[in-house]
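Engineer: The sequence and its predicted three-dimensional model are supplied below.
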Amino acid sequence: ASYSTITLNNEDIFFKDWDKKKSEDPIVLIHSGKMENYRKGQIVFLNIIKKLLNRGRNVEAIIIGDGSKRSEFIRLAEKLDILSNVEFTGWLSGFEEVKKVLRRGDIFVFPTVGEGLPRTIIEAMANGLVCVSSPVDGVLELIDTNLLADYNDIDKFVNIIENLIDNPKLMKKISEDNVIKAQSYTEDKLQIRRRKFYTNLFNVSTLK
């Protein structure tokens, strides 16, 4: 059995219009996560942005989230001299606000140390983003292995992202596949799975 705390409705599903993106437009990379510790990989994400910019890639970054480490992450962006390329949104009030930001992005980059079945990735998929992450726990159920890198392997993350940037048709295909996959986690489908699970659990528990 699998469980997710996500509340995803059919109106939350969004197919990104990749044909509107021009070749001169920057690729927007997004990260989302609490900032109380280093588990969600914000430091790795910032270093990925730095390396991509050093390689001449036209990228911008958005970091969603807040917490006690936020000022430290901002200082790191300043130290890396990439603050002008990184937007820190802070805390966003509800999923409607998060959706608005996600739909500005192209690739969701999530070098996390550990997860269950990460709602952040499912939400990113539902909004048409290509997702790149680390091969931990429930992430393996969501993302193909060729889009996975160890959480601290900056070079591999950069290589994966560069391959995506160089192959816009591939990005479009992955984006569409992700939206379809996210549709299996909408609330109406999860409720059916939850009822089936708890019914089976009740039946087993009452056996003599």
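Structural biologist: The structure has been received and is ready for your questions. Residues are numbered from 1 along each chain as shown.
Engineer: same for the strand or helix carrying residue 108, what does it pack against?
Structural biologist: Following DSSP states H and E, one finds residue 108 within strand 107-110. Taking 3 or more CB pairs under 8 Å, 6 or more residues apart in numbering; DSSP states H and E as contact, the helices and strands that strand 107-110 lies on are strand 27-32, helix 119-126, strand 130-133, helix 154-165. Using the backbone N, CA and C atoms, a C-beta is placed for each residue, glycine as well.
Engineer: What are the buried residues along the next helix-or-strand element following the longest one?
Structural biologist: Spelled out, it's helix 154-165. Next along the chain after helix 154-165, taking DSSP H and E as the criterion, comes helix 168-182. Within helix 168-182, the residues scored as buried using 16 or more other CB atoms under 10 Å are 171-172, 174-175, 178-179, 181-182.
Engineer: next one: stretch 63-77
Structural biologist: Within stretch 63-77, the residues scored as buried using 16+ other CB under 10 Å are 63-65, 67, 69-70, 73, 76-77.
Engineer: Roughly how far does residue 93 sit from residue 34?
Structural biologist: Per CB to CB, to the nearest Å, residue 93 is found 15 Å from residue 34.
Engineer: ok, those two, which is more surrounded?
Structural biologist: Shown here are residue 93 and residue 34; by other CB atoms under 10 Å, residue 34 has more neighbours (16 against 7).
Engineer: And the contacts of whichever helix or strand residue 72 is part of?
Structural biologist: Under the criterion of DSSP H and E, residue 72 resides in helix 70-79. With contacts defined as CB atoms under 8 Å, 6 or more residues apart in numbering, helix 70-79 is touched by 35, 42-43, 46, 63, 83, 86, 88, 90.
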